[in-house]
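Q: Only the shape, not the letters, is given here:
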């Protein structure tokens, strides 16, 4: 297991955007953190009221957006327009190419979100979009699958042999994830604190886990929230 502390991440303050990069992104470069398996980006973004990312292009990337606080307005060249709220997961397959914008529609509240990029299993997919809500009850005390290659259990579908599950944990509450043979895991703490294999991880911390076995997580604060990626 290798722990990646929140304070070790790349950081940029653009005034309207405060962002932390788990992996190399934009002007932040670290040759040791170019991604992990198919997981390429975890950006921890705070976007000011009435600001956001104007229309820009992407290609051949699976982009997953998860809102923690506030709201995010999405528009794209496929004709989609939506508001993403806490507990909702958006998946946009950029494929052969797509234009999109992500804006904070509130005039008063900052939006806090995680933007996650995964490399697709091949290039040239037709662009696609999906958005689903996962209630607090669904995520409480269990690792709820929210993204998977086969859309199982009502999750959004991604073009990669990867699964994302999210859990909300009370202090001492435990969840486990079995890591199969030749599989890998990445853990990201979205908020609060969790215990992982005898180490405490706080908000923004991450950890890579290699090797077959059981990943055991326990809540170590009120309202801890953790993301677990299972990767080929």
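A: Received it, and whenever you're ready, just let me know what you need. In this text the structure is predicted, and so the values were computed from the model without any measurement.
Q: Look up how far residue 43 lies from residue 26.
A: Residue 26 is 9 Å from residue 43, where distance means Cβ to Cβ, to the nearest Å. Using the backbone N, CA and C atoms, a C-beta is placed for each residue, glycine as well.
Q: who has more neighbours, these two?
A: When neighbours are counted by other Cβ atoms under 10 Å, residue 26 and residue 43 differ, and residue 43 comes out ahead with 22 against 11.
Q: Just the element for the more buried one, please.
A: For residue 43, the host element (DSSP states H and E) is strand 39-47.
Q: what's in contact with that strand?
A: When contacts are defined by Cβ atoms under 8 Å, 6 or more residues apart in numbering, strand 39-47 is touched by residues 9, 16-23, 25, 34-35, 53, 61, 70, 72, 102-104, 110-119, 162, 186, 188, 204, 206, 229, 231.
Q: Spell out the secondary structure type for residue 138.
A: Classification of residue 138 using DSSP: H, G, I helix; E, B strand; the rest coil returns helix.
Q: okay but it is in contact with residue 146, surely?
A: No - taking Cβ atoms under 8 Å as the definition, residue 138 is not a contact partner of residue 146, at 9.0 Å.
Q: and these two? which has more neighbours close in?
A: Taking neighbours as other Cβ under 10 Å, residue 138 and residue 146 compare with residue 146 leading, 25 against 16.
Q: Whichever helix or strand the more buried one is part of pairs with which strands, parallel or anti?
A: If you go by DSSP H and E, residue 146 is part of strand 144-148. Under the criterion DSSP bridges, strand 144-148 sits next to strand 156-157 (parallel), strand 162-169 (antiparallel) in its sheet.
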